[in-house]
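A.B. asks: Dropping a prediction and its sequence here:
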Amino acid sequence: MATVKETTKKKATVRASAAGAEKAAPAHLEASVFSMDGSKIGTIALPNELFGAPWRSDLVHQVTTAMQANARQNRAHTKDRSEVSGGGKKPWKQKGTGQARHSSSRSPIWRHGGVTFGPRKERDYSEKINRKMRNGALVSVLSRKAKDGEIILVDKLSFAAPKTAAAKTVLGALAKGSAAAALAAKKKNAALFALSAYDASAIKSFRNIGSVMTEEVRSLNPVDVMTHKYLVIEKPEAAFAALLARIKTS
């Protein structure tokens, strides 16, 4: 027969395991969907695979710094003594002048001579990024954006012709409807518009707005998403399907 102490201990263990299971269960995330005029037209469930991941600061830092290194253009280049002009003749004879011996005025210790150990354009800054790491960092960033309320969903972005004025109107309407004032007020890196497919009219409409960038949803990367405060996703159902198909290939 179990004692009172054993029974109490067993109940505490059951309660702890139940609380742990409840804590481990993923939360059901939902987000509002807006039209181009800023009115709310419904809600949609956010896939836990894309927006329910924990924040991985180490992974995100490793991937973003590697991507920035891969985009780096090596322009710094100095000439060594074999590349600078002049100096073909020995400045003075080897002995008898009372001066130090010199063979060429292209020596690094001479004015206008070559540079020793200077930067060279042959240096390669690129780093390898595994596909699984890249996709994991993207999911972590998307989850953080969703947690901070910085993801705005739009049913569609349709422009009859490229018009910057129309794009500004859409930007203001979305800022008002989603209660994201910085979307229209921020002067730099306000929003990244993730388009479901290539749309020349939408891209050209937003092109002249310095605080906005456009990109196809299939080409989203952690650097661009983190650089901009808000991520505006067009046609969320199709966008989520494309992103899920992308991360499942890793």
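C.D. replies: Nice, I can see it.
A.B. asks: my guess is residue 53 is in a strand, correct?
C.D. replies: No. Secondary structure of residue 53 (DSSP: H, G, I helix; E, B strand; the rest coil): coil, not part of a strand.
A.B. asks: Isn't it up against residue 143?
C.D. replies: Yes. With contact defined as C-beta atoms under 8 Å, residue 53 and residue 143 form a contacting pair (4.3 Å). Quick note: C-beta positions are derived from backbone N, CA and C, even for glycine.
A.B. asks: Averaged pLDDT, stretch 87-100. What do you get?
C.D. replies: Stretch 87-100 shows a mean pLDDT of 91 in the predicted model.
A.B. asks: so where is the protein shaky, pLDDT-wise?
C.D. replies: 1-28, 250 (pLDDT under 70).
A.B. asks: Phi first, then psi, for the residue lying farthest from the centre of it.
C.D. replies: For the chain, the largest distance from the centre (C-alpha atoms, centre = their mean) belongs to residue 96, which lies 66.1 Å off. Torsion angles at residue 96 (phi, psi; degrees, to the nearest 10) stand at phi 90, psi -10.
A.B. asks: Ok, residue 151 next?
C.D. replies: phi -110, psi 130.
A.B. asks: That one reaches residue 229, doesn't it?
C.D. replies: No. At 10.8 Å, residue 151 and residue 229 do not qualify as touching, with contact defined as C-beta under 8 Å.
A.B. asks: So for those two, which residue has more residues nearby?
C.D. replies: Higher neighbour count among residue 151 and residue 229: residue 151, with 23 against 18, using other C-beta atoms under 10 Å.
A.B. asks: now residue 234: how far from residue 123?
C.D. replies: Distance of residue 234 to residue 123, given as C-beta to C-beta, to the nearest Å: 40 Å.
A.B. asks: of those two, who's got more company?
C.D. replies: The neighbour comparison of residue 234 against residue 123 (other C-beta under 10 Å) goes to residue 234, with 23 against 10.
A.B. asks: Who is the more buried one paired with across the strands?
C.D. replies: residue 154 (DSSP bridges).
A.B. asks: Please name the residues that touch it.
C.D. replies: 154, 155, 156, 157, 193, 194, 195, 196, 217 (C-beta atoms under 8 Å, 6 or more residues apart in numbering).
A.B. asks: let's see it at 7 Å
C.D. replies: The contact partners of residue 234, taken as C-beta atoms under 7 Å, 6 or more residues apart in numbering, are 154, 156, 157, 193, 194, 195, 196.
A.B. asks: Likewise for residue 42?
C.D. replies: With C-beta under 7 Å, 6+ apart, residue 42 has these contacts: residue 33.
A.B. asks: Identify the bridge partners of it.
C.D. replies: residue 33.
A.B. asks: Tell me how far it lies from residue 203.
C.D. replies: 26 Å.
A.B. asks: likewise residue 194?
C.D. replies: 12 Å.
A.B. asks: With residue 233 instead?
C.D. replies: Where residue 203 is concerned, residue 233 sits at a distance of 16 Å (C-beta to C-beta).
A.B. asks: and if you look at residue 223?
C.D. replies: Residue 223 is 19 Å from residue 203, by C-beta to C-beta.
A.B. asks: now swap in residue 155 and tell me
C.D. replies: Per C-beta to C-beta, residue 155 is found 19 Å from residue 203.
A.B. asks: before we move on, what about residue 215?
C.D. replies: In terms of C-beta to C-beta, residue 215 sits 9 Å off from residue 203.
A.B. asks: Where does the residue nearest to the spatial centre of the chain fall, secondary structure wise?
C.D. replies: Nearest to the mean C-alpha position of the chain, by C-alpha atoms, centre = their mean, lies residue 223 at 1.3 Å. Secondary structure from DSSP states H and E places residue 223 in helix 222-227.
A.B. asks: Show me which positions of that helix end up buried.
C.D. replies: By 16 or more other C-beta atoms under 10 Å, the buried positions in helix 222-227 come out as 222, 223, 224, 225, 226.
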